[in-house]
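A.B. asks: just need the structure, nothing else, for what follows:
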Amino acid sequence: MISQSKIQDKRKEIWDAALKLFVEYGFHGTPTSKIAAEAGVANGTLFHYYKTKEDLVIVLYNDIKNELNSYITSKVSCNESLETKVKIMFINSLYWALDNREKFYYIHQFHFSPHFAKISPETIHQQSTCHIRLIEEGIKAELLKPLPIEFLLTIVSSHVFGVYQYLTSEDFSESQQKKVINDAFGMLWDMIAP
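C.D. replies: The predicted model follows:
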């Protein structure tokens, strides 16, 4: 009988291989045989853990998205002002992205793929709950513009991605990086605050 830790190790090897290859070659350019070879497992082993390649693509996205959300929410304290909460979430999203470039690229790649349509509205809502509550709180307290929540979420996520693109386009020092991120938050706050 295979131990639970061996099963987890195999899953992790497949997960890591899939992430690397999907980022490098795209979803269509990465056959399961390539993932299995990279992970050092038989193709049948891969299908033992994931029924289809699409299942693997979606599980990988959900895992990464949950990791990012857990990281961000762990940095926010309930007793802080709304602006501080938004700033902490914004800054930590960028630092997570810079520390996890493959994973962040994967999220972005997934959002613009046909696979995104396979994520249920309930899952999307669950993954956005913290952000939605924060925006609702801000609109109710008249600290954010009374715009549709989805629109405000799009503005924030687009801004995070744009700033990330800029930060990875050059070799910034740590202090330059910090200044860019703080300036970028100021610009974001000017866009969403009344």
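A.B. asks: next structured bit after the helix or strand encompassing Phe110?
C.D. replies: Phe110 belongs to helix 101-111 when assigned by DSSP states H and E. As assigned by DSSP H and E, the chain's next helix or strand after helix 101-111 is helix 121-140.
A.B. asks: got the CA coordinates for that next one in CSV?
C.D. replies: The C-alpha trace of helix 121-140 is given here as CSV (Å, rounded to 0.1, in the frame of the first residue of the first chain):
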residue,chain,number,x,y,z
PRO,A,121,-19.4,31.3,-10.3
GLU,A,122,-19.5,29.9,-6.7
THR,A,123,-15.7,29.2,-6.8
ILE,A,124,-14.9,32.6,-8.3
HIS,A,125,-17.1,34.2,-5.6
GLN,A,126,-15.4,32.2,-2.9
GLN,A,127,-11.9,33.1,-4.2
SER,A,128,-13.0,36.8,-4.2
THR,A,129,-14.9,36.9,-0.9
CYS,A,130,-12.4,38.9,1.1
HIS,A,131,-12.0,41.5,-1.7
ILE,A,132,-15.7,41.7,-2.3
ARG,A,133,-16.4,42.3,1.4
LEU,A,134,-13.7,45.0,1.6
ILE,A,135,-15.2,46.8,-1.4
GLU,A,136,-18.7,46.5,-0.1
GLU,A,137,-17.5,47.9,3.3
GLY,A,138,-15.8,50.8,1.5
ILE,A,139,-18.7,51.7,-0.7
LYS,A,140,-21.1,51.5,2.3
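A.B. asks: list the contacts of it.
C.D. replies: Where contact means CB atoms under 8 Å, 6 or more residues apart in numbering, the residues beyond helix 121-140 that reach it are 62, 65-66, 69, 72-73, 76, 82, 85-86, 89, 144-147, 149, 152-153, 156, 192. Every residue, glycine included, has its C-beta placed from N, CA and C.
A.B. asks: looking at those residues, which are in helices?
C.D. replies: 62, 65-66, 69, 72-73, 82, 85-86, 89, 149, 152-153, 156, 192 (DSSP state H).
A.B. asks: can you select the buried ones from those residues in PyMOL?
C.D. replies: Buried members of the ones in helices among the contacts of helix 121-140, defined by 16 or more other CB atoms under 10 Å, are picked up in PyMOL with:
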select buried, resi 65+69+72+85+86+89+149+152+156+192
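A.B. asks: and the spatially most central residue of the chain, how close does it get to Gly138?
C.D. replies: What sits nearest the mean C-alpha location of the chain, by CA atoms, centre = their mean, is Lys65, with 4.3 Å. Per CB to CB, to the nearest Å, Lys65 is found 22 Å from Gly138.
A.B. asks: also Gly186?
C.D. replies: Summarising the geometry, the distance separating Gly186 from Gly138, computed by CB to CB, is 17 Å.
A.B. asks: quick one, which of those two is more surrounded?
C.D. replies: Neighbour comparison, Gly186 and Gly138: the larger count goes to Gly138, with 22 against 11 (by other CB atoms under 10 Å).
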